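A.B. asks: one predicted model, sequence on top.
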Amino acid sequence: MKYEFGDYEKSEIIEDYITVVGIEQIILVHYLGGNSEMIPNTLANEISIRKRMIEQAIERSKCDRSKELQNAIIMDIIGSSIDASGIMMVQPKDLDTFSKVVATMFIGVFSVLLAGHAKRIHNSIEEIKDIEKYDIYLAIRELLTEYRDNQKLSDREKKLDIKNIDRYSLKEVKKLQKTLKKCDAFKES
């Protein structure tokens with residue numbers, strides 16, 4: 001999980017985990033806040049982590065920040081338009097040297113603001129895609145478990161799990177969803 005949600009602190013949201021094999025086998029849990037935790041690598045611990053990640057995904061799905069993010073995108077587009085208008089209006093044409101310097105500084109400020117709006121728009125779009133990807137995963141995870149051995153699924157598709165979902169694109173998860181629905185429809189007929 002790459003984004004915070006609800007009343008959770010970043011240090012409580014599991015970003016991912018890896019199993020480390022060495023003298024002692026451990027599970028290294030990475031949290032969204034940048035902190036990590038090492039716990040013994042047992043089946044019970046791994047099941048507990050996966051369960052917690054699923055619960056967090058379900059909780060995030062309930063928060064549904066999509067509307068909030070869409071509104072933020074609209075506000076950033078409006079802000080970008082205003083910034084672009086400011087750049088257009090402050091063109092150093094027939095001005096004295098001091099006025100040209102001031103006009104150029106304003107263009108620089110508006111350009112920085114425009115870049116900030118573009119970055120926030122990009123981040124909001126990526127978070128909306130991430131929310132949709134997790135929602136699809138939550139909807140298909142039981143089918144995925146049922147059809148994991150189906151030959152219509154690629155090796156990569158068979159490996160999709162809450163542990164590694166952030167390594168998959170929304171497009172890949174949507175494709176898997178279609179494939180699983182076809183498998184399920186074929187089974188029922």
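C.D. replies: Looks like it arrived, so ask away. None of these values were measured; they are calculated from a predicted model. Numbers count the residues shown, from 1 in each chain.

A.B. asks: look through the protein and tell me its longest helix.
C.D. replies: Counting residues, the longest helix found in the chain (DSSP state H) is helix 97-146.

A.B. asks: and the next helix or strand past that helix?
C.D. replies: Next helix or strand after helix 97-146 toward the C-terminus (DSSP states H and E): helix 155-158.

A.B. asks: pLDDT value on residue 82, please?
C.D. replies: Residue 82 carries a pLDDT value of 76.

A.B. asks: assign a three-state SS to it, would you?
C.D. replies: Secondary structure, DSSP: H, G, I helix; E, B strand; the rest coil: residue 82 is helix.

A.B. asks: so which residue is dead centre in this structure?
C.D. replies: residue 130 (3.7 Å; CA atoms, centre = their mean).

A.B. asks: per the record, what domains does the chain have?
C.D. replies: As given by automatic domain parsing, the domain ranges for the chain are 10-63, 66-188.

A.B. asks: comparing those by mean pLDDT, which bottoms out?
C.D. replies: Looking at these, the bottom one is domain 66-188 with a mean of 81.

A.B. asks: contacts for stretch 26-33, please.
C.D. replies: For stretch 26-33, the external contacting residues (CB atoms under 8 Å, 6 or more residues apart in numbering) are 1-4, 9-20, 36-41, 45-46, 49. C-betas here are computed from N, CA, C, even on glycine.

A.B. asks: and the longest helix of the chain, what other elements does it pack with?
C.D. replies: helix 43-63, helix 66-89, helix 170-188 (3 or more CB pairs under 8 Å, 6 or more residues apart in numbering; DSSP states H and E).

A.B. asks: out of those helices, nearest to residue 160?
C.D. replies: Among the helices and strands packed on helix 97-146, helix 170-188 comes nearest to residue 160, with 6.3 Å by CB to CB.
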